[in-house]
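Participant: prediction below, plus the sequence it came from.
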Amino acid sequence: MKKYRYETIIFTVDAICMILELIASRVISPYFGNSNIVWTSVIGIILLSSSVGNYLGGKIADKEGVKDNLKAILVAVSISIFIIPILQNNILDIIKDVTSNIKIGAIMATVLLFFLPSLLMGLLTPIIVKLKLQSLNTAGEVAGKINAVATIGGIVGTFLGGFFLIPNFGSIHILYVLTILVALLLFCVDFKVKSKSSIFIVIITIISIVLMTVDMNKNSNIGQEVLQSTTNDKVSYDTQYGRVLIYNEKRSIGNVRVFNIDSGYESINFTDEDKIYELVSEYAKYYDLMFKANIEIKDTMMIGGAGYTYPKYYISHYPDKNMDVVEIDGQVTELAKKYFFLDKLIKDYDLENNNRLGLITEDGRTYLNNNTKKYDAILNDAFAGSGPVKTLTTVEAVSKIKESLNEGGLYMSNIISSLEGENSKFIKAEVNTMKQVFKNVYVIPCNTSDTTKKQNNMVIATDKEMNFSNTNAKIYDLKIDKDEIILTDDYCPVDTLIPQV
């Protein structure tokens, strides 16, 4: 162990750096989403901080007392990670009040919370190269070896964090564990039981474990209180695909429960016992427009489950109809069972035996690519945080959707956008894309009072003619320019088309 102590340090630190990068996106996502803009901000700032750290680390490495400097830096890294979960909510609340711009907010959040630990970790590579270097004749070999070990550590941290740690343990708990892990690296530098390093390790470990335990118990208690509708606090979960917040609200129409993923309001459900299968969101009621098509609707697919509000309504109100729900995140489905009465629906309507509701855990686009089943209607209510799922917006995806429909079937997509002005770019591009595949595309605003404001719009694509004269639906004549783009798998600039505030 003594022989490879510096390799152990650099391997572990680079693994931690990549885990920290993944956690950064989770910490920021409830405030600014999880789009490419957020990821670009996180990656760019962390690369910048690491670069600055490498430069400053080179200067520190050439000074005397390199081992003492190494220990001091490890202590500083441990403390800088430790304070993230303590300060994150206050800092993010302040940033959210200062700016609603996603780019500015994401950059500010990353700088204030993650710049310092990433910079400090960046100091270590040149210092460790200096400590390992015994002769100028082997300088290249030593530098190459350390960088290789660091890269492998980063790879391990990426897979470990993304595939295992974050979905199973949550971001805040992992930050406390990383705090302890960095502190333990002090033993690799100089193992002495009665040293200042040992005292620091003991203190930071005890405090981290206590705070982690308190947070776990608090979140568990909030979860029970949310279920009993006795609190307005938010219970949080980290799943494979996002940060989930669930909480209750009292509204004029009744008591509701909100399902929030990466800053996006994915579902809202009544908690009053006599309303749990009714619809809260007005836009969701527009899905019933599919019954105005000139075909019989019996088998429906819905892409995007979240709280399963419309599937619960559909199954409970149309006893002769079936629905398959494709939800990418299996943990989200389990949360819907626990908090949003999906388990009660399954029992009330004996869905385990009659197969009226299919729960499919798969990426929506992947399912469409491999699907052989035919549906009368396909509904799209899938979002990546507050933005659309890009892989479902392209002409190739719309073509796959049409292949999964019976003749004359229809496709309905919930698009959040204004209908006029600068913030109407995405819906115009998407409608133009749908028109490349379907003969008729109808845009139905869910609120016609102000078409310049962002709102839910139901876009219906079908080869059949539809008549909405006996409904409250108003077809909006969306103006599409001749040079309007068509979204493709190769060119799909959704992040630049949707509003950034």
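Facilitator: Perfect, I can see it now. Since the structure is predicted, the reported quantities are computational estimates derived from the model, not experimental observations.
Participant: in three-state terms, label residue 423 for me.
Facilitator: helix (DSSP: H, G, I helix; E, B strand; the rest coil).
Participant: so where is the stretch 251-400 of the chain shaky, pLDDT-wise?
Facilitator: 385-386 (pLDDT under 70).
Participant: helices along that one, start to end?
Facilitator: Assigned by DSSP state H, counting those that start in this stretch, the stretch 251-400 of the chain shows helices spanning 282-285, 309-317, 330-339, 342-348, 351-354, 364-370, 395-403.
Participant: a markdown table please, covering these and showing mean neighbour count and distance to residue 443.
Facilitator: The C-beta positions use only the backbone N, C-alpha and C, and glycine is treated the same way. A markdown table is the format used below for the helices of the stretch 251-400 of the chain (neighbours: other CB atoms under 10 Å; distance: least, CB to CB, whole Å):
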| stretch | mean neighbour count | distance to residue 443 |
| --- | --- | --- |
| helix 282-285 | 17 | 13 |
| helix 309-317 | 22 | 20 |
| helix 330-339 | 20 | 29 |
| helix 342-348 | 16 | 31 |
| helix 351-354 | 11 | 34 |
| helix 364-370 | 18 | 22 |
| helix 395-403 | 20 | 15 |
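Participant: indicate which one of the ones you listed is closest to residue 235.
Facilitator: helix 330-339 (8.1 Å; CB to CB).
Participant: wait, which of the helices of the stretch 251-400 of the chain is closest to residue 189?
Facilitator: Per CB to CB, nearest to residue 189 of those: helix 330-339, 39.4 Å.
Participant: can you give me the angle that closest one makes with helix 309-317?
Facilitator: Comparing the axes of helix 330-339 and helix 309-317 via axes from the mean of the first three to the mean of the last three CA atoms, to 10 degrees yields an angle of 50 degrees.
Participant: pLDDT weak spots in the stretch 51-200 of the chain?
Facilitator: Along the stretch 51-200 of the chain, the model assigns pLDDT under 70 to residues 135, 191-194.
Participant: if we use 80, what do you get?
Facilitator: 134-138, 190-195 (pLDDT under 80).
Participant: could you pull out the helices in it for me?
Facilitator: So, for the stretch 51-200 of the chain - with DSSP H, counting those that start in this stretch - the helices run 66-98, 102-122, 124-132, 139-160, 166-169, 171-184, 186-189, 196-227.
Participant: give me the number of residues near the spatially closest residue to residue 19 that is not a sequence neighbour?
Facilitator: Leaving aside its sequence neighbours, residue 19 sits nearest to residue 161 (CB to CB, 6 or more residues apart in numbering; 3.7 Å). Counted with other CB atoms under 10 Å, the neighbours of residue 161 add up to 24.
Participant: before we move on, the earlier item: could I get the helices of the stretch 51-200 of the chain in CSV, plus columns for distance to residue 450 and mean neighbour count?
Facilitator: As requested, these are exported to CSV (distance: least, CB to CB, whole Å; neighbours: other CB atoms under 10 Å):
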stretch, distance to residue 450, mean neighbour count
helix 66-98, 24, 18
helix 102-122, 23, 23
helix 124-132, 55, 21
helix 139-160, 45, 16
helix 166-169, 40, 17
helix 171-184, 38, 23
helix 186-189, 60, 19
helix 196-227, 34, 15
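Participant: right, so of those, which gets closest to residue 469?
Facilitator: Comparing these under CB to CB, the one sitting nearest is helix 102-122, at 40.6 Å.
Participant: for the closest one, packing partners?
Facilitator: Secondary-structure packing of helix 102-122 (3 or more CB pairs under 8 Å, 6 or more residues apart in numbering; DSSP states H and E): helix 5-32, helix 36-61, helix 66-98.
Participant: mind exporting that helix as PDB, just the C-alpha atoms?
Facilitator: As requested, the backbone C-alpha atoms of helix 102-122 are provided in PDB (Å, rounded to 0.1, in the frame of the first residue of the first chain):
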ATOM      1  CA  ILE A 102     -31.200  28.900 -17.100                       C
ATOM      2  CA  LYS A 103     -27.700  29.500 -18.500                       C
ATOM      3  CA  ILE A 104     -26.700  32.200 -16.000                       C
ATOM      4  CA  GLY A 105     -28.300  30.400 -13.100                       C
ATOM      5  CA  ALA A 106     -26.600  27.100 -13.900                       C
ATOM      6  CA  ILE A 107     -23.200  28.700 -14.300                       C
ATOM      7  CA  MET A 108     -23.600  30.700 -11.100                       C
ATOM      8  CA  ALA A 109     -24.700  27.600  -9.200                       C
ATOM      9  CA  THR A 110     -21.800  25.400 -10.500                       C
ATOM     10  CA  VAL A 111     -19.300  28.100  -9.700                       C
ATOM     11  CA  LEU A 112     -20.500  28.800  -6.100                       C
ATOM     12  CA  LEU A 113     -21.000  25.100  -5.100                       C
ATOM     13  CA  PHE A 114     -18.500  23.100  -7.200                       C
ATOM     14  CA  PHE A 115     -15.700  25.400  -8.400                       C
ATOM     15  CA  LEU A 116     -13.600  25.200  -5.200                       C
ATOM     16  CA  PRO A 117     -13.600  21.400  -4.600                       C
ATOM     17  CA  SER A 118     -12.800  20.800  -8.300                       C
ATOM     18  CA  LEU A 119     -10.000  23.400  -8.200                       C
ATOM     19  CA  LEU A 120      -8.500  21.800  -5.100                       C
ATOM     20  CA  MET A 121      -8.600  18.400  -6.600                       C
ATOM     21  CA  GLY A 122      -6.900  19.800  -9.700                       C
END
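Participant: could you point out the longest strand of the protein?
Facilitator: strand 405-417 (DSSP state E).
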